[in-house]
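Asker: With the input below, show me the fold.
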Amino acid sequence: MPKAIRILRTGGPEVMEYVDVEVGPPGPGEVQVRHHAIGLNFIDVYFRTGLYPQPLPAGLGMEGAGVVEAVGEGVTHLQPGDRVAYACRPPGSYAEVRNMPATHVLRLPDAISFETGAAMMLQGLTVQYLFNRTHKLKAGDTILFHAAAGGVGLIACQWARALGVTMIGTVGSDEKAELAKAHGCAHVINYNRENFVDRVLEITNGQKVAVVYDSIGKDTFIGSLDCLAPLGLMVSFGNASGPVPPFSLTELSSRGSLFVTRPTLFAYIDKRVDLEAMAADLFQMVESGKVRIDIKQAYKLQDVARAHIELEGRRTTGSSILVP
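Answerer: Numbers count the residues shown, from 1 in each chain. The predicted structure is shown next:
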């Protein structure tokens, strides 16, 4: 029987169990995928801890790449043998084989490996919508991007460079600073040695930035607001340090009529036509070499607890994958 990770309760990494699962034929509108690689993302931690609730028992994982083994009734855009990749709900990619809705599964170009496909879909599509739809960046813009040496961050460094955007990135160590610079980040701030608000003011000669992209949450939210120019946009797209606590709307008005949004990838890819357009853009960036997916960690599926410990401890850089 194929193996998969299941949780019976929410909690720490120890709640993840490596078990045998029975996978029957795909139902109507479903596709059966045998994974060659699985993406590891912080959203998986949110589901494991219960920050993002789901019915239990449950699977984990939002991203994977592999080969179609069977298709259910009504599925016409995929067939057995297709190389595919995806980033979508419901969770369950931490598995050797799974059945899932076919609507968000995409053919993976031959030039892109399964490992790259598994590592890039959620993070790459996130950067695509952040830079093109949440706020349309253009050459000459200056932005602040937290966690610049993470999986999303390193893709953002390269994408910003390709657009002609000046990216200021924050990181937690000198090693991560060098990594972000090597991937195209124009200015890097080590927040363990420098006050990132003061450094942003210094770098921008007091002008601040038009957009802040913040996946850290509680620890950086107010400081991020302080980095925004009047009418600037705060994009809070993650909670690595915990959810943003309640705040008064006067925090926005007093800083110059700021805007705040809390987007999710899944709202942006809800329609198949949007997903296909976004994925085509991502595939082009990767195939052209403008964006390289930097896989820094690869773990066996049964070692997923160690992977989560290192991810939560901010000991990872770049992208991480699980290998069935």
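Asker: So which bits of stretch 85-93 are buried?
Answerer: Going by neighbour count (16 or more other Cβ atoms under 10 Å), the buried part of stretch 85-93 is 85-88, 91-93. (Each C-beta comes from the backbone N, C-alpha and C, glycine too.)
Asker: Max pairwise distance over those residues: which two?
Answerer: Based on Cβ to Cβ, the longest span within the buried residues of stretch 85-93 runs between A85 and P91 and measures 16.2 Å.
Asker: so what's M285 up against?
Answerer: By Cβ atoms under 8 Å, 6 or more residues apart in numbering, the contact set of M285 is 124, 159, 162, 291.
Asker: Over to V211?
Answerer: Going by Cβ under 8 Å, 6+ apart, the list of residues near V211 reads 135, 137, 141, 143-144, 228, 232-235.
Asker: which stretches of the stretch 51-200 of the chain form helices?
Answerer: Ranges of helices in the stretch 51-200 of the chain, per DSSP state H, counting those that start in this stretch, are 114-129, 151-163, 174-182, 196-203.
Asker: Dump the ones you listed to CSV, plus distance to A298, mean neighbour count and mean pLDDT.
Answerer: Output for these, formatted as CSV (distance: least, Cβ to Cβ, whole Å; neighbours: other Cβ atoms under 10 Å; pLDDT from 0 to 100):
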stretch, distance to A298, mean neighbour count, mean pLDDT
helix 114-129, 8, 26, 96
helix 151-163, 13, 25, 96
helix 174-182, 17, 18, 95
helix 196-203, 31, 18, 97
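Asker: Same list, the ones you listed, but as JSON lines with distance to P57 please.
Answerer: Shown next, in JSON lines, are the helices of the stretch 51-200 of the chain (distance: least, Cβ to Cβ, whole Å):
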{"stretch": "helix 114-129", "distance to P57": "23"}
{"stretch": "helix 151-163", "distance to P57": "28"}
{"stretch": "helix 174-182", "distance to P57": "36"}
{"stretch": "helix 196-203", "distance to P57": "41"}
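Asker: Which pLDDT value belongs to the nearest residue to M1 once chain neighbours are set aside?
Answerer: By the measure of Cβ to Cβ, 6 or more residues apart in numbering, the closest residue to M1 outside its immediate chain neighbours is D20, 4.1 Å from it. You'll see D20 listed with a pLDDT of 97.
Asker: so V291 makes contact with I155?
Answerer: Yes - here V291 reaches I155: they are 5.8 Å apart, a contact under Cβ atoms under 8 Å.
Asker: okay, and the common contacts of these two?
Answerer: The contact sets of V291 and I155 overlap at G124 (Cβ under 8 Å, 6+ apart).
Asker: what's the residue closest to the geometric middle of the protein?
Answerer: Q123 (3.2 Å; Cα atoms, centre = their mean).
Asker: number of nearby residues for A148?
Answerer: 29 (other Cβ atoms under 10 Å).
Asker: now it: how far from L225?
Answerer: Computed as Cβ to Cβ, to the nearest Å, the A148 to L225 distance reads 19 Å.
Asker: Kindly report the same for P101.
Answerer: P101 sits 38 Å away from L225, going by Cβ to Cβ.
Asker: The two - which one has more neighbours?
Answerer: L225 (21 against 17).
Asker: Over to the more buried one. Which of the three states is it?
Answerer: Three-state call for L225 (DSSP: H, G, I helix; E, B strand; the rest coil): helix.
Asker: Appreciated, that's everything.
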